[in-house]
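In: Just a sequence and a predicted model for now, questions to come.
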Amino acid sequence: MILSRVSLVLFVILMSLTISAQEFHWRAYYISKTTIDFESWGKKQLTTEQKKELSVNMSHLYEKVFILDFDRKMSLFKEDERLETSGQKAGWDNLMSGQYSSVPIYKNVQAKRLVERREFYGKLFLIDDSLPEFKWQLTDETKKIGDYTCFKAICIRSLSEIPPKGLNVRPEQDNSDTDDQVIITAWYTPQIPANHGPGHYWGLPGLILELNEDKTTILCSKIILHSEEKIAKTKIPSKGKRLTLDEFDVIFDKKKDEIKKMKGRIKGKRTKG
C-alpha cells in the first residue's frame, strides 16, 4: 500500500521542528558491497575450484567504505581516504574494474546540480550536469536501521542509467544488447530530514540509510550528528575535462566496444592457434 504523501510530509515537518534552526553539518559512513557472479567468468576455461579461488581473492575489490558529508542543501560523497588500498592492491583494483573510478560526487539539491569526478583509463573527467530525477514510490513498509526508523521506497531504472562500476563488472552481459530494468530499493529515515543519499541518489523525505541497486548494497554504518566537517568549495570536484552525463556515456560505451573487439580478436587468434 502506498503511504499517504500528505501524512509523510507532515511527519517530516514535525521531525524538523526538533532540530535546531541553525544550519547543520552531518556525516554518514556507508559500506558498499557488490556481488559478482564469478561462475560466469572464464566459462569452460576455468574449473569450479579456480572460480572459487577467484571469488575469494577478488571479493575485496568490490567492498568499499564511503563518507557522505551533508547539510540541508548540499552533500559530498567520497571514498574513505583512511582505507585507501596500497599501490599493489590499487593496481589490481584498477585492472579488474576496467581502469575506472568514480567519486567524489557533489550534489546540490537546491540548485539541482551534480558535479562528479570520474577517472577512466588515466584520464580525468568532470561531470557537471543537472541532478537525475528518480520516480520514487513511497510505501508504508518500515524497518529499523540502528536507532532509526526507516521507510521503504522503490524506483525502476534501466541498467544503462546506473553509473558503471567497471568494464568487467558484468562479464556475463558482454554479448547482450538488451537493457534490463532493475528495481532500486531505498530505506530512508525522516528522523534526519535531509533528502540526500549515497552516490547519485536523492529526493526522498529523509536521509537514505540503505540502498539496493542491482548487485550492489550500500548500508549506513555510522552517523555523526553536528559534524565539524563542512562542505568547503575547495572540496567540490573541479579538475578534469568538463562533460555532461550523456557525453561521458558516449566515451565510456565507445571504449567498452573497443575492449570487446580486442577480446574477440585475441579469442580468434587462440582458436586458430
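Out: Done, it's in. Numbering: from 1, shown residues only.
In: Which stretches in this protein count as strands?
Out: Along the chain, the stretches classed as strands by DSSP state E are 26-34, 63-70, 74-79, 100-108, 113-120, 123-130, 137-145, 148-158, 181-189, 207-213, 216-224, 241-243.
In: least reliable of these going by mean pLDDT?
Out: Of all these, the minimum mean pLDDT falls on strand 100-108 (a mean of 81).
In: picking up where we left off before, deepest in the core, which of the strands of the chain is it.
Out: Sort the strands of the chain by mean neighbour count, taking mean count of other C-beta atoms under 10 Å, and strand 207-213 sits at the top with a mean of 23. Every residue, glycine included, has its C-beta placed from N, CA and C.
In: Partner strands of it and their direction?
Out: strand 181-189 (antiparallel), strand 216-224 (antiparallel) (DSSP bridges).
In: now the nearest residue in space to T216 that is not next to it in sequence: how far from I192?
Out: Excluding its sequence neighbours, the residue lying closest to T216 (C-beta to C-beta, 6 or more residues apart in numbering) is T34, at 4.4 Å. Using C-beta to C-beta, to the nearest Å, T34 is found at 25 Å from I192.
In: And E161, by the same measure?
Out: 26 Å.
In: More neighbours: which of those two?
Out: Neighbour count, other C-beta atoms under 10 Å: between E161 and I192, I192 has more, with 23 against 16.
In: Now that R118 has come up, it's in contact with I127, right?
Out: Yes. Using C-beta atoms under 8 Å, R118 is in contact with I127, at 6.2 Å.
In: list residues touching both of these two?
Out: By C-beta atoms under 8 Å, 6 or more residues apart in numbering, R118 and I127 have these common neighbours: F248.
In: What residues are recorded as beta-bridge partners of K144?
Out: T149.
In: And K222, by the same measure?
Out: Y29.
In: I figured it hits I31, correct?
Out: No. Counting by C-beta under 8 Å, K222 sits too far from I31 to count as a contact (9.5 Å).
In: what pLDDT does T234 get?
Out: 62.
In: Retrieve the pLDDT associated with the nearest residue to K230 once chain neighbours are set aside.
Out: Spatial nearest neighbour of K230, excluding adjacent residues (C-beta to C-beta, 6+ apart): H25 at 5.1 Å. For H25, the pLDDT comes out at 87.
In: I figured H25 hits R72, correct?
Out: No. Using C-beta under 8 Å, H25 and R72 do not qualify as a contacting pair, with a distance of 9.6 Å.
In: before we move on, the earlier item: could I get the strands of the chain as TSV with distance to V250?
Out: Putting the strands of the chain into TSV (distance: least, C-beta to C-beta, whole Å) gives the following:
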stretch	distance to V250
strand 26-34	25
strand 63-70	27
strand 74-79	24
strand 100-108	15
strand 113-120	12
strand 123-130	12
strand 137-145	31
strand 148-158	17
strand 181-189	22
strand 207-213	23
strand 216-224	24
strand 241-243	9
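In: on that earlier part again, quick one, which of the strands paired with strand 207-213 gets closest to V109.
Out: V109 sits nearest to strand 181-189 of all the strands paired with strand 207-213, at 13.7 Å, using C-beta to C-beta.
In: Contacts for that closest one next, please.
Out: 134, 136, 143, 145, 148-159, 162, 197, 201, 204-214.
In: go again using 7 Å as the cut-off
Out: 143, 145, 148-159, 162, 197, 201, 204, 206-214 (C-beta atoms under 7 Å, 6 or more residues apart in numbering).
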